[in-house]
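**Student:** Below are the sequence and a predicted model for it; my questions follow.
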Amino acid sequence: MSDPFVIIVGGGPSGTLLALLLGKQGIPVQLLEAAEKFDDRPRATHYAPTAVKELQRAGVFEDMKAKGGFLPSGVCWRKLHGDILATINGPSEDEPHPLICLPLNQLHEVLEEHLKKYPSIDVRFNHRVVGLGQDDSNAWVEVESHEGKKSFKAQYVVGCDGASSIVRRSLFGDEDFPGFTWDEQIVATNTYYPFEKHGFTIDSSFIVHPEHWYMAAKITKDGLWRVTYGELPGLTYEELKERQPMKFKTMLPGYPDPEDYEMVSFSPYRVHQRMARKMRMGRVVLAADAAHLCNPFGGFGLTGGIVDVGGLHDCLFGIYNGLADEGILTLYDEVRRAKYNEIVNPISSENLRRLFAQDPNEAMQKDEFLMLVKKAETDVKTRNMLNEGAMALQHDFTQYYNPSTRKTNGERRDHVL
């Protein structure tokens, strides 16, 4: 294989989706993944309308539904043990980009099948990137593999290699990732429990409580729920595991004992709000968790990463086809960082604080967002405003294509994408 146009480091959802979007256009792309296969953990599950738009463009949305993806019935905020504060109804089938739920490992299975359709996509597992460099014409990565050390080069390298990104650390250093880590400890579990029998007929619920705050979201049609809850800071894994039955007994509807549920995964982790200093340095570009992190309440991490790569695809497509010069990548850097700083960071932070930093009995008198959601339950104009706001992460980079080619490309883009 000759040198690709783009090397993508990291076979997570964002890197895999970017490879697919580029490969569909016949753009030579090489995807390097350190592991021996794509990650098979369920992890994130909900894809907001802005992400769905890119998944539809990649041609995988219908396959996601066939795989078991479903449109959730809605999301609500509750007091502990059930009283609903406010509700957002779920999407309908006729919405152009309806929110969908599917565990991430199953999305990966869909993406992997689609990658096989395009000969311009070269996927290499067991290829761990350990360094990179660049000059005026190319960028390259140094790789460790079962066959020894290798070097690969392309016109551009994209880091989609997660929170501990070697690409970002090679650009800025190991400790340079501005932002902060939350004091609050998070525990994510996947649990079979009949929430519906206890009044949780809405698929996603955020529970507002100063101590026992959590999220419960149905993630599969067979009744698997993601239960993510807050815990005391500073506890060890063993201490968190020991406290889990007490937390479920206290938090969940029905006050269950361990024999009343089946917990299939238990994952404590710390959450961060961080943004790289730049998302473009010369011929090296960052996207998704390699570039920015946020807490999981509201789904901005996964959605933000998918929207990143949708915009980055348009930039690279434009450069490859002579519709834009390299300056469009500087615009990508500026726009995506602004979207993080103005939307993702403040709203995701507000989503988390909403759960533990207020009195649930006063929320509907003091929390402006919840009051807006409550109004939207009966007011169409307010509901439409919320829906429009959900698309604010998007940005059309094709508007920066060269004026002489914009009309022709617009016709071509509608055809090929």
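**Tutor:** That came through, no problem.

**Student:** Spatially central residue in the chain, please.
**Tutor:** Centroid-nearest residue in the chain, with Cα atoms, centre = their mean: Leu302, separated by 0.4 Å.

**Student:** Is that one in contact with Thr50, as I believe?
**Tutor:** No: using Cβ atoms under 8 Å, Leu302 makes no contact with Thr50, being 10.7 Å away. Quick note: C-beta positions are derived from backbone N, CA and C, even for glycine.

**Student:** Can you read off the backbone torsions of the closest residue to Ser145 other than its chain neighbours?
**Tutor:** Among residues not flanking Ser145 along the chain, His127 sits closest, at 4.9 Å (Cβ to Cβ, 6 or more residues apart in numbering). Per-residue torsions, His127: phi -120, psi 100 (degrees, to the nearest 10).

**Student:** need the contact list for His127.
**Tutor:** Leu32, Glu33, Ala34, Val143, Glu144, Ser145, Lys150 (Cβ atoms under 8 Å, 6 or more residues apart in numbering).

**Student:** Just put those residues in a markdown table and tack on neighbour count, secondary structure and distance to Pro194.
**Tutor:** Shown next, in a markdown table, are those (neighbours: other Cβ atoms under 10 Å; DSSP: H, G, I helix; E, B strand; the rest coil; distance: Cβ to Cβ, whole Å):
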| residue | neighbour count | secondary structure | distance to Pro194 |
| --- | --- | --- | --- |
| Leu32 | 26 | strand | 43 |
| Glu33 | 24 | coil | 38 |
| Ala34 | 20 | coil | 39 |
| Val143 | 23 | strand | 48 |
| Glu144 | 15 | strand | 47 |
| Ser145 | 14 | strand | 47 |
| Lys150 | 13 | strand | 51 |
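
**Student:** and of these, the nearest to Leu20?
**Tutor:** Glu33 (13.9 Å; Cβ to Cβ).

**Student:** averaged over its residues, what pLDDT does whichever strand or helix holds Trp140 have?
**Tutor:** Using DSSP states H and E, Trp140 sits in strand 139-145. Strand 139-145 carries an average pLDDT of 97.

**Student:** How about stretch 202-220?
**Tutor:** Mean predicted lDDT for stretch 202-220 stands at 96.

**Student:** can you check stretch 224-244 too?
**Tutor:** 96.

**Student:** Quick one: distance of it to the chain centre.
**Tutor:** The chain centre lies 22 Å from the centre of stretch 224-244; the measure is Cα atoms, centre = their mean, to the nearest Å.

**Student:** May I have the distance across it, first residue to last?
**Tutor:** 18 Å (Cα to Cα, to the nearest Å).

**Student:** That stretch: which residues count as buried?
**Tutor:** For stretch 224-244, a neighbour-count test (16 or more other Cβ atoms under 10 Å) marks Leu224, Trp225, Arg226, Val227, Thr228, Tyr229, Gly230, Glu231, Leu240, Gln244 as buried.

**Student:** List just the nearest of the residues you listed to Ile343.
**Tutor:** Thr228 (21.7 Å).

**Student:** Can you verify my assumption that the closest one contacts Asn190?
**Tutor:** No: in this structure Thr228 lies outside contact range of Asn190 using Cβ under 8 Å: 9.8 Å.

**Student:** The residue nearest to Ser145 and Leu115, how far apart?
**Tutor:** 15 Å (Cβ to Cβ, to the nearest Å).

**Student:** Ok, Leu32 next?
**Tutor:** For Leu32, the distance to Leu115 - Cβ to Cβ - is 13 Å.

**Student:** do Phe317 as well
**Tutor:** Taking Cβ to Cβ, one finds Phe317 at 17 Å from Leu115.

**Student:** Who has more neighbours out of these two?
**Tutor:** Using other Cβ atoms under 10 Å, the more surrounded residue of Phe317 and Leu115 is Phe317, with 25 against 21.

**Student:** What pLDDT does the model give the more buried one?
**Tutor:** 98.

**Student:** which stretch of helix or strand covers it?
**Tutor:** Assigned by DSSP H and E, Phe317 falls in helix 300-320.

**Student:** residue ranges of the helices in the stretch 51-200 of the chain, please?
**Tutor:** For the stretch 51-200 of the chain, the helices defined by DSSP state H, counting those that start in this stretch cover 61-67, 104-115, 166-172.

**Student:** and of those helices, who's closest to Met215?
**Tutor:** Among the helices of the stretch 51-200 of the chain, helix 104-115 sits nearest to Met215 (Cβ to Cβ), with 16.3 Å.

**Student:** dump the residue contacts of the closest residue to Leu331 other than its chain neighbours.
**Tutor:** Distances taken as Cβ to Cβ, 6+ apart put Tyr400 closest to Leu331, at 5.8 Å, once the chain neighbours are dropped. By Cβ under 8 Å, 6+ apart, the contact list for Tyr400 reads Gly318, Ala324, Ile328, Leu331.

**Student:** ok, the first one - contacts?
**Tutor:** Read that as Gly318. Applying Cβ under 8 Å, 6+ apart, the residues near Gly318 are Ala324, Ile328, Phe397, Thr398, Tyr400, Tyr401, Asn409.

**Student:** What are the phi and psi values at the third one?
**Tutor:** Main-chain torsions, Phe397, degrees, to the nearest 10: phi -80, psi -10.

**Student:** Any idea how many residues pack against it?
**Tutor:** Phe397: 22 neighbours (other Cβ under 10 Å).

**Student:** Pull up the per-residue confidence for it.
**Tutor:** For Phe397, the model assigns a pLDDT of 98.

**Student:** Test my guess that it contacts Tyr332.
**Tutor:** Yes: counting by Cβ under 8 Å, Phe397 does reach Tyr332; the two are 6.6 Å apart.
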